[in-house]
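Undergrad: Generate coordinates for the sequence data below:
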Amino acid sequence: MADPSTAARRYCRGAIHPRPCPKHSNICRICHFRTAGCIGVHNRHLPSLFSLCPVVEVLLLNPVIPRLRASKAMSAFLDAVNISAIGLMASVVISLAGQTITDWRAIAIAIVAAIAGMRFKLNNAWLVVGGAVLGWLLLLV
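TA: From the prediction side, this is the model:
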């Protein structure tokens, strides 16, 4: 019999479960992240709408959105979806910040990155590189 981690990987590969696996939740989370996006998410091994690449989804939905926006009900629905997405992202940012900003070095990097991002409108890639360099320099202190 295979060890539990191999069995969990085999079970989770390509499947999205409605609830986390009780025994191997960390492994299943890793598998879910690996199967997301253009690689393809499959629900119980059946192709899902979400398996399309985001670029293809945008190309398909772009002509339809202006017609949907013309309707008051659909416009309100699309606004609600946008607000929900922003709220979800804000919730994740707050949760991740609470778990990662734990010492003075992390607080310093977060403050410098926030100021640099808002004041100088830097690209996110430069913020990541600057945070890595600043973190490495602060480790020397």
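
Undergrad: Do a quick rundown of the strands in the chain.
TA: 42-43, 46-47 (DSSP state E).

Undergrad: Let me see the mean pLDDT of whichever helix in the chain runs longest.
TA: Taking DSSP state H as the criterion, the chain has its longest helix at helix 72-100. If you average the pLDDT over helix 72-100, you get 94.

Undergrad: Quick one: list the elements packing against it.
TA: Under the contact definition 3 or more CB pairs under 8 Å, 6 or more residues apart in numbering; DSSP states H and E, helix 72-100 sits against helix 65-70. Backbone N, C-alpha and C define where each C-beta goes, glycine included.

Undergrad: if we look at the helix it packs on, which residues are touching it?
TA: When contacts are defined by CB atoms under 8 Å, 6 or more residues apart in numbering, helix 65-70 is touched by residues Met74, Ser75, Leu78.

Undergrad: for this structure, which spans come out with low pLDDT?
TA: 1-53 (pLDDT under 70).

Undergrad: could you pull out the helices for the protein?
TA: Along the chain, the segments classed as helices by DSSP H run 4-12, 25-35, 54-61, 65-70, 72-100, 104-119, 124-140.
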